[in-house]
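A.B. asks: Next comes the sequence, and after it the predicted model I'd like to discuss.
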Amino acid sequence: MKVDAHQHFWNLDRVRYPWLVPEYGPIYRTFEAPELEPLLKSAGIDQTVLVQAMDSSEDTEYMLEVASTFDWIGGVVGWVPLDRPDEAERLLTRYAAEFPKFKGVRHLIHEEKDPDWVIRPDVLEGLNVLADFGLTFDVVAVFPNHLKHIPVLAERVPKLNMVIDHLAKPPMRERGWEPWASQLAEAAACPRVFAKLSGLNTASNHGVAEEWQPYVDHALAVFGAERLMFGSDWPVANLNGDYASVWRETLNVLSARTPKEVEAILGGTAQRFYRL
């Protein structure tokens, strides 16, 4: 099974996305399942993980409604107010009981004014609640502010399975390396931490595998294929390419890997992590 472990939908008529402004050009419009479906078929993708695009219950409710309509959406990563643990627990109780496709939570921590928001005591309490439900946490660890917090989270919330979105957006455009590489290795030393090979085209200048290669090779060296998963980051990917180009360049960047490694990254890891 091939899995796209990171894609989004947004409906500008139903949900507010304050971060999504006209300056984003080609992605400043509604994107929904019927537009993605043929792209998935062309790439041979069997299932996807639909990931929140706004820190709001209305976005989560919208995603769960869409997921109930399309069988190929295998899981939903929604949102709850982690900094209000009691409220988060009430919502998680409902989502876990009513929606089998609800697999985990994400918060747009890179939109918070406090770069240390995710390690605040109230948020850590909320993450422990999340871990008690056996649900996952997608970490929008946009380098350089958040990747360094992963080992702290692993220590303070030891039962939590986490995945770093987009390899924490490595500094590809300027061909930077440290301290991203060391921080990624420190995160990978925590056995419950995974990472997504996603969002790399928009982190690079030309969106091609040649630019991604050293960063993906490093991720493979520190995580292993069994803790890495592919994600398209569609429709954000359209800012520097399209679905087909992201899929093509992902296959290119993995061309020297064994069939077992490729199988894990393109589906197996996501199936295990999100329990698809």
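C.D. replies: Perfect, I can see it now. Numbering: from 1, shown residues only.
A.B. asks: Give me the distance between F102 and E23.
C.D. replies: 32 Å (C-beta to C-beta, to the nearest Å). All C-beta spots, glycine's among them, are computed from the backbone N, C-alpha and C.
A.B. asks: hang on, I meant N128
C.D. replies: Taking C-beta to C-beta, one finds N128 at 38 Å from E23.
A.B. asks: So the two - more neighbours on which side?
C.D. replies: Between N128 and E23, counting by other C-beta atoms under 10 Å, N128 is the more crowded of the two (16 against 6).
A.B. asks: ok, and the closest non-adjacent residue to the more buried one?
C.D. replies: Nearest non-adjacent residue to N128, counting by C-beta to C-beta, 6 or more residues apart in numbering: V157, 5.4 Å away.
A.B. asks: hang on, isn't that neighbour packed against L127?
C.D. replies: Yes. If you go by C-beta atoms under 8 Å, V157 and L127 touch, sitting 4.6 Å apart.
A.B. asks: Checking the nearest residue to D116 once chain neighbours are set aside next. Helix, strand or coil?
C.D. replies: Excluding the flanking residues, the one nearest D116 by C-beta to C-beta, 6+ apart is H149, at 7.3 Å. The local conformation at H149, judged by DSSP: H, G, I helix; E, B strand; the rest coil, is helix.
A.B. asks: Quick check: H149 touching A141?
C.D. replies: Yes. Using C-beta under 8 Å, H149 makes contact with A141 at a distance of 7.3 Å.
A.B. asks: between those two, which one's more packed in?
C.D. replies: Using other C-beta under 10 Å as the criterion, H149 and A141 rank with A141 on top: 28 against 20.
A.B. asks: Would you agree the more buried one falls within a strand?
C.D. replies: No. With three-state DSSP as the criterion, A141 is coil rather than part of a strand.
A.B. asks: circling back to that earlier point, so what's the residue nearest to N128 scoring on pLDDT?
C.D. replies: pLDDT for V157: 98.
A.B. asks: now V142
C.D. replies: On the pLDDT scale, V142 is placed at 87.
A.B. asks: how about the most centrally placed residue in the chain, what does it touch?
C.D. replies: Centroid-nearest residue in the chain: D165, 4.0 Å away (criterion: C-alpha atoms, centre = their mean). The contact partners of D165, by C-beta atoms under 8 Å, 6 or more residues apart in numbering, come to H6, V51, R106, D138, V139, V140, A141, K196, S198, G199, G231.
A.B. asks: Now intersect these with the strands, please.
C.D. replies: Those of these mapping onto strands are H6, V51, R106, D138, V139, K196, per DSSP state E.
A.B. asks: isn't the third one right up against T136?
C.D. replies: Pointing back at R106 there. No. Taking contacts as C-beta under 8 Å, R106 lies outside contact range of T136: 9.1 Å.
A.B. asks: okay, and the common contacts of these two?
C.D. replies: Shared contacts of R106 and T136, counting by C-beta under 8 Å, 6+ apart, come down to V77.
A.B. asks: Among the contacts of D165, find the lowest-pLDDT one for me.
C.D. replies: Among the contacts of D165, A141 has the weakest pLDDT, 88.
A.B. asks: Tell me how far that residue lies from V152.
C.D. replies: 12 Å.
A.B. asks: what do you get for E125?
C.D. replies: In terms of C-beta to C-beta, E125 sits 14 Å off from V152.
A.B. asks: measure stretch 165-172 end to end?
C.D. replies: Stretch 165-172 has its terminal residues 15 Å apart, counting by C-alpha to C-alpha, to the nearest Å.
A.B. asks: Please point out which parts of it sit buried.
C.D. replies: D165, H166, L167, A168, K169, P170, P171, M172 (16 or more other C-beta atoms under 10 Å).
A.B. asks: of all those residues, which comes closest to F223?
C.D. replies: Using C-beta to C-beta, L167 comes nearest to F223 of these, at 9.6 Å.
A.B. asks: Many thanks, we can stop here.
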